[in-house]
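S.K.: Sequence plus predicted model, see below.
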Amino acid sequence: MNIYQKTMNLFNLKTKASWIGWFVTVHLILTLSITLTMIVIGINPTLMMSVISAPIWIATVLISKYVTDRIMEE
């Protein structure tokens, strides 16, 4: 085994990198869909990104983590 393989096995980097990649992808898709939905409904985009809608973005992160965990189970 070379140093690359030892490092990959030691830190389990492929799994971690895959999880981060899926999380970012899922989070971006959810954020984009929520933003576009709010624009279509007629909510001001400036208001959407402000402190008022912080719970929506916190929920988006939690849902993204949940979906990513389900994807990585397979």
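M.R.: Right, received. Where do you want to start?

S.K.: tell me which element the residue nearest the centre of the chain falls in.
M.R.: Ranked by distance to the mean C-alpha position of the chain (CA atoms, centre = their mean), the top residue is His27 at 2.9 Å. Per DSSP states H and E: His27 is located in helix 13-41.

S.K.: Beyond that helix, next helix or strand please.
M.R.: helix 45-48.

S.K.: And the contacts of that next one?
M.R.: Contacts to helix 45-48, defined as CB atoms under 8 Å, 6 or more residues apart in numbering, come from residues Thr35, Met38, Ile39, Ser53. Just so you know, the C-beta spots here come from the backbone N, C-alpha and C atoms, and that holds for glycine as well.

S.K.: so where's the chain shaky on pLDDT?
M.R.: The chain contains residues with pLDDT under 70 at 1, 4-11, 48, 51-52, 74.

S.K.: change it to 90
M.R.: Along the chain, segments meeting pLDDT under 90 span 1-18, 31, 34-39, 41-58, 72-74.
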